[in-house]
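A.B. asks: Provided below are the primary sequence and the corresponding predicted coordinates.
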Number of protein chains: 2
Amino acid sequence: MTPMNNDLPVLDDLISVLDRTPTTLAALLDGLPEIWVTATEGDGTWSPFGVVGHLIHGERTDWIPRARHILAGDSRPFEAFDREAQFSESRNKRVGELLGTFARLRIENLETLRGFSLTSDDLERRGLHPELGEVTLGQLLATWVVHDLDHLGQVARTMAKVYTTTVGPWAAYLSILRDRQR
Amino acid sequence: MTPMNNDLPVLDDLISVLDRTPTTLAALLDGLPEIWVTATEGDGTWSPFGVVGHLIHGERTDWIPRARHILAGDSRPFEAFDREAQFSESRNKRVGELLGTFARLRIENLETLRGFSLTSDDLERRGLHPELGEVTLGQLLATWVVHDLDHLGQVARTMAKVYTTTVGPWAAYLSILRDRQR
């Protein structure tokens, strides 16, 4: 197999981040007043609560199922990932409960990932994304990490915006308040 | 005193976030491989390590000293805050050590803040910022919170960008990789 690129992630590096996301989000969100947990950046944007539900859905249907798909040599496209599924699944739950579910699923999925005993060659194995076309297992696993960090950044930004006007003149220095302005 | 605005922060709400920042950053960064801790977004930008040093400097010289300044009725401008001081102070330290120092200082500062037993009237008391002009104590405390979240978002973004090319075609979906592009 010809390498698509030499930019392969190191498994221990990526697992070290994936392993920390549930504890990081729990440290930030568990027990936090509702003003922060249910805040959004406006219509059609997600609250920290919604983000945790989305991460749970990813653990169940996206990362490991797609890794298995690639490792099985399945040439059909991956099933599409429903980015809005959390809104039905999380209804009537509390954020602490969602954080616990996310942590449990992530532990199981990292055990599965370690159990694959992946080689560098494995990381270059390819699958077919329904929109993006050909992708590698290494790219999928790197995306899992960046997806976590993207949503951690979103949670921080969404919480920050609760105080957009409360900070008064200091808004001029707080650039997060202007990120993804709508 | 005429209220500057009615947009006063609730002390319990803001303390609940301030209290969680050190544990959140420790959950994310303590023991993490160097590839993440020392990454930057390019020349002149800060690594997660640098951010923790900056937060320590703020605990020592910014938030509580400025709150005391306002509560003392001091009409002189605040002393300017050195945003780059961490680079000399953090030299030769490890991120775990910095996280411990940050946690200890934050606990002390929140004890001090609670000890002020602030009223709503206190939150409208005013001080003079050297660049921004008149600001209130409520705005200062809200800024403390947003400043934490701004830097948490920065840490997530900086770590994410380590894998900018590693994610391959998925970069199209990962908007954090395009935030604050230089």
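C.D. replies: Looks like it came in fine. Numbers count the residues shown, from 1 in each chain, chains lettered A, B, ... in the order given.

A.B. asks: is it true that residue A:20 touches residue B:33?
C.D. replies: No: assessed by CB atoms under 8 Å, residue A:20 is found out of contact with residue B:33, at 11.2 Å. Glycine gets a C-beta too; all of them are placed from N, C-alpha and C.

A.B. asks: Pick out the residue closest to the middle of chain A.
C.D. replies: In chain A, the residue lying closest to the centroid (CA atoms, centre = their mean) is residue A:148, at 3.3 Å.

A.B. asks: what's the helix or strand for it?
C.D. replies: helix A:137-160 (DSSP states H and E).

A.B. asks: and the angle from that helix to helix B:137-160?
C.D. replies: Orientation note: helix A:137-160 sits at an angle of 180 degrees relative to helix B:137-160 (axes from the mean of the first three to the mean of the last three CA atoms, to 10 degrees).

A.B. asks: is helix A:137-160 anywhere near chain B?
C.D. replies: Yes: counting by CB under 8 Å from any CB of the partner chain, contacts between helix A:137-160 and chain B involve A:138-140, A:142-143, A:145-147, A:149-150, A:152-154, A:156-157, A:159-160.

A.B. asks: which among these end up buried?
C.D. replies: A:138-140, A:142-143, A:145-147, A:149-150, A:152-154, A:156-157, A:159-160 (16 or more other CB atoms under 10 Å in any protein chain shown).

A.B. asks: Which parts of chain A are helices?
C.D. replies: A:11-29, A:34-37, A:48-61, A:63-71, A:86-89, A:95-115, A:120-123, A:137-160 (DSSP state H).

A.B. asks: Would you mind finding the most buried of the ones you listed?
C.D. replies: Sort those by mean neighbour count, taking mean count of other CB atoms under 10 Å in any protein chain shown, and helix A:137-160 sits at the top with a mean of 26.

A.B. asks: Output it as PDB, restricted to C-alpha atoms.
C.D. replies: C-alpha atoms of helix A:137-160 as PDB (Å, rounded to 0.1, in the frame of the first residue of the first chain):
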ATOM      1  CA  LEU A 137      -7.600   5.000  10.000                       C
ATOM      2  CA  GLY A 138      -4.900   7.400  11.200                       C
ATOM      3  CA  GLN A 139      -6.900  10.400  10.000                       C
ATOM      4  CA  LEU A 140     -10.000   9.000  11.700                       C
ATOM      5  CA  LEU A 141      -8.300   8.600  15.100                       C
ATOM      6  CA  ALA A 142      -6.700  12.100  14.800                       C
ATOM      7  CA  THR A 143     -10.100  13.400  14.000                       C
ATOM      8  CA  TRP A 144     -11.500  11.800  17.200                       C
ATOM      9  CA  VAL A 145      -9.000  13.800  19.200                       C
ATOM     10  CA  VAL A 146      -9.600  17.100  17.400                       C
ATOM     11  CA  HIS A 147     -13.400  16.600  17.600                       C
ATOM     12  CA  ASP A 148     -13.000  16.300  21.400                       C
ATOM     13  CA  LEU A 149     -10.900  19.500  21.600                       C
ATOM     14  CA  ASP A 150     -13.300  21.300  19.200                       C
ATOM     15  CA  HIS A 151     -16.200  20.600  21.500                       C
ATOM     16  CA  LEU A 152     -14.200  21.500  24.600                       C
ATOM     17  CA  GLY A 153     -13.400  24.800  23.100                       C
ATOM     18  CA  GLN A 154     -17.100  25.200  22.100                       C
ATOM     19  CA  VAL A 155     -18.100  24.600  25.800                       C
ATOM     20  CA  ALA A 156     -15.600  27.200  27.000                       C
ATOM     21  CA  ARG A 157     -16.800  29.700  24.400                       C
ATOM     22  CA  THR A 158     -20.400  29.100  25.000                       C
ATOM     23  CA  MET A 159     -20.000  29.600  28.800                       C
ATOM     24  CA  ALA A 160     -17.900  32.700  28.300                       C
END
